[in-house]
Each structure stands twice: as structure tokens, then as C-alpha cells.
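J.: Let's see this in three dimensions:
(2 chains)
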Amino acid sequence: MSEPRLVEVRKNVLKQNDVIARGLRDRFRAAGVFVVSLVSSPGSGKTTFLEKTLTWLQPRYRVAALVGDLATENDAKRLARSNAPVKQITTGTLCHLEAAMVQRALEGWNLQELDFLFIENVGNLVCPSSYDLGENLRFVLLSVTEGEDKPLKYPTIFNSADVAIVTKIELAAAVEFDWEAARKSIQSVRPGMQVFRLSAKTGQGMEEYFGFLAERLEELRVKVQV
Amino acid sequence: MLAAFRAMHELSIAMSIVETAQEEAERRGVQVTAVHLRLGALSGVVKDALFFSYQIACQDTPLAGSRLIVEDLPVIVFCPRCQAKRTLSSVQCFECPECRMPTGDIVQGKELEVFALEVEE
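T.: Residues are numbered from 1 along each chain as shown, chains lettered A, B, ... in the order given. Next comes the predicted model:
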């Protein structure tokens, strides 16, 4: 038997996902739909936040959502109250969404009929970080009840996200949430990251966030036309 | 046990590694004895979980019994003030270790790459 030898390969392990994600991104762009994905730990208020977002955007824009969940369809049922088209992606035991699941879930959808598409990932601050879903922006949600140092504990997911949303601020005083400490830990793992502080329950801070979404769609439409 | 373990994404990543290595091995007509992986500090992969998953993923494949060798890659950022690449000692603090300028301009650290294979003919 010959001596073992070393051969250089240089293959990206997630290439398959990245290729599908790139295909999705091209499709989204061609259709002029702005795509946002949401990641957070379980219980940070993703579904309430998304429900309010869909309800508010509905009269002005054409919106839809894909919702990843391990086993139940409860989230999709809650979101359906907004009257926006909502499709559940049940991942079984898988802890994150992959681009191929998004691609499958979109079969039969005419993306040109949409302005915004939201993709709610499985509640998990570790696994979703490695998987590109073809989204324009990734939002990471952090509720005031989770502690200000969460970004330092999960730097990879915060680093992979584009925008941080601090949720449940109506509870900030009750849990003695230290905004300055939270701001510092976010900026430490992702310098320059845009942050919104809001309450989906009371509506506080939502207006500014909706304005941000509207601007992003405007920008996209200008780019696509050019 | 396997089903519960799938709740970590390292198993699906290990399976992709095995698949990638096996494709290359078949193309070259060789047997793989070890896989060299380059793993960035921001890859989102937990190394210990990956080692464990690799053994499971190799079972009943031509790679059974092969070793996984991981090269850890630290995060390297570009500092706009120093106009230089700098290595970060922690993924919790994205600032230039020399001048303390915050920077998120990542040059290295997201790698998850089968870099090389140790093979026998």
C-alpha cells in the first residue's frame, strides 16, 4: 500500500445551500420583493412582532410570510389573523431553516404579486447563523427580558444579522433593562448595526421601524428599475 | 438518539463534509484517510459537536474510520484607520486590537471549508 498523500480540495461545505440562496436572491430581486428574515431565541416575541408588522403593512403593501417551526402550526395560525398569506415550514427536529426549504415553500407562489416577504426562522440563536436564505436583511430580535449581554453570548448570530430589534420595551422598567449596556454589547459584536427599540404590544417605536421598511422597499425598486 | 442529535446543525454539516470528501475521492479514484477542515470562528459550528457528528456521519460510508482534522481560523478584520488587516482575539469585541477603532469589515472567520484530503491510492 502506498503512503498517504495530501490533496488540496478547497470546497465550501455549505456550497449547496449558498447556491440555492443565491438563486432565491436573484428571483426576489427580479420580482421586486423585499425579503426579511427573523432570528431570535424562543420567546423573544418574534410571532407577535411579525403579526403586528403584517397587519400594519397589509393595507399599504402586499405582504406574505413563511414561518419555520419545529412541530406545531400555532404560529402560522396566529399570523393568519393578519389576513396575509402565511405558510408554515415544519422542520421536524431540524433546528434551522435552509434555503432549499424556503425554495420548496415558495413553489406555486407568484413573487411578483408581493412587496414584502417575511421569513421567520426557528427560535434558535445558534444554528440559523450559517445558512443564507437569500434574504435582503436579517433581523435579530432581543427582548428586554433576556438580558443585555445576549449579543456577547451569541456573537455569531448577531454578527450574521443586519438589524437588531429590541422587543417588549413596555417591560423595560419592570425588568430593569439597561439600554446602554445592551447597546454596547450589540455594537461590540457588530459595529454600526442599526437598532430599533419597540413594543409590538403598545406600538411604541413601531412607526420608525415601518418607515425603515418602506424606505428599503423604495430603494430596492429604484435599483431593480435601473 | 440520532433524532435528538439532529436538533444541532453540526450533524447535517458533518454529513455535507462526508459527502463533499467522498465526491472528490470518487472523482480521483482514491480512498480518504483524513479530512482537513478550515473552520472560521464565525462559522457558527461547535467543534466538539462536529467531531462527534463526524463519526456518526461516516458510518456505513467509504469514509468510515477516517479522521477529521480541524484548523481553527480566527477572525481577521480590516481596520479602516490603520489601513491594515488585524486578527481579533475574541468574537465578542469587533475593534482593532491596535487602535481600538470599531470595525465589522470581516476578511476571514466565516470559513467552513474542506481544505484538503489525506488519501491512499
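J.: Return the residues in contact with the closest residue to residue A:172 other than its chain neighbours.
T.: Spatial nearest neighbour of residue A:172, chain neighbours left out: residue A:144 (4.7 Å); criterion: Cβ to Cβ, 6 or more residues apart in numbering or on different chains. For glycine as for every other residue, the C-beta is placed from the backbone atoms N, C-alpha and C. Counting by Cβ atoms under 8 Å, 6 or more residues apart in numbering or on different chains, residue A:144 makes contact with A:166-169, A:171-172, A:175, A:177.
J.: Restricted to buried residues, select these in PyMOL.
T.: Selection of the buried residues among these in PyMOL, burial being defined by 16 or more other Cβ atoms under 10 Å in any protein chain shown:
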select buried, chain A and resi 166+167+168+169+172+177
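J.: In a markdown table: the contacts of residue A:144, plus distance to residue A:107.
T.: As requested, these are arranged in a markdown table below (distance: Cβ to Cβ, whole Å):
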| residue | distance to residue A:107 |
| --- | --- |
| A:166 | 35 |
| A:167 | 32 |
| A:168 | 35 |
| A:169 | 38 |
| A:171 | 40 |
| A:172 | 42 |
| A:175 | 43 |
| A:177 | 42 |
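J.: So which of the contacts of residue A:144 belong to strands?
T.: Judged by DSSP state E, strands contain the following of the contacts of residue A:144: A:166-167.
J.: For residue B:58, state which of the contacts of residue A:144 is nearest.
T.: Nearest to residue B:58 among the contacts of residue A:144, counting by Cβ to Cβ, is residue A:167 at 42.1 Å.
J.: could you dump the contacts of residue A:144 to TSV with pLDDT?
T.: Below are these laid out as TSV (pLDDT from 0 to 100):
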residue	pLDDT
A:166	97
A:167	97
A:168	97
A:169	96
A:171	96
A:172	96
A:175	96
A:177	96
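J.: From the chain's centroid, how far away is the lowest-mean-pLDDT helix or strand in chain A?
T.: Lowest on mean pLDDT, DSSP states H and E among the helices and strands of chain A sits helix A:74-80, with a mean of 80. Its chain's C-alpha centre lies 17 Å from the corresponding centre of helix A:74-80 when counted by Cα atoms, centre = their mean, to the nearest Å.
J.: For it, name the packing helices and strands.
T.: Packing partners of helix A:74-80 (3 or more Cβ pairs under 8 Å, 6 or more residues apart in numbering or on different chains; DSSP states H and E): helix A:46-57, strand A:63-69, strand A:86-90.
J.: ok, and does the second one reach over to chain B?
T.: It refers to strand A:63-69. No: legend: contact between strand A:63-69 and chain B by Cβ under 8 Å from any Cβ of the partner chain is lacking; minimum distance shown is 13.0 Å.
J.: Quick one: list the elements packing against that strand.
T.: By 3+ Cβ pairs under 8 Å, 6+ apart, strand A:63-69 packs against helix A:46-57, helix A:74-80, strand A:86-90, helix A:99-105, strand A:116-120.
J.: ok, now the shortest one?
T.: Helices and strands in packing contact with strand A:86-90 are listed as strand A:63-69, helix A:74-80, helix A:99-105; criterion 3+ Cβ pairs under 8 Å, 6+ apart.
J.: Can you add mean neighbour count and give those back as a markdown table?
T.: Formatted as a markdown table, the helices and strands packed on strand A:86-90 follow (neighbours: other Cβ atoms under 10 Å in any protein chain shown):
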| stretch | mean neighbour count |
| --- | --- |
| strand A:63-69 | 24 |
| helix A:74-80 | 18 |
| helix A:99-105 | 18 |
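J.: Same list, these, but as TSV with distance to residue A:31 please.
T.: Formatted as TSV, the helices and strands packed on strand A:86-90 follow (distance: least, Cβ to Cβ, whole Å):
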stretch	distance to residue A:31
strand A:63-69	12
helix A:74-80	21
helix A:99-105	14
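J.: out of these, which comes closest to residue B:87?
T.: Using Cβ to Cβ, the helices and strands packed on strand A:86-90 put helix A:99-105 closest to residue B:87, at 30.8 Å.
J.: who touches the helix ranked longest in chain A?
T.: Using DSSP state H to define each element, chain A has its longest helix at helix A:206-225. Applying Cβ under 8 Å, 6+ apart, the contact partners of helix A:206-225 are A:29-30, A:32, A:34, A:36, A:52-53, A:56-57, A:60-61, A:115-116, A:136-137, A:165, A:194, A:196, A:198-200.
J.: Can I get the buried part of those as one ChimeraX selection?
T.: Buried residues within those, by 16+ other Cβ under 10 Å, are selected in ChimeraX with:
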select /A:29,32,34,36,52,53,56,57,61,115,116,136,137,165,196,198,199,200
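J.: Nearest spatial neighbour of residue A:41, chain-adjacent residues omitted?
T.: In space, residue A:41 is closest to residue A:125, 4.9 Å off (Cβ to Cβ, 6+ apart).
J.: Quick check: which element contains the residue nearest the centre of chain B?
T.: Centroid-nearest residue in chain B: residue B:39, 2.7 Å away (criterion: Cα atoms, centre = their mean). Using DSSP states H and E, residue B:39 maps to strand B:31-40.
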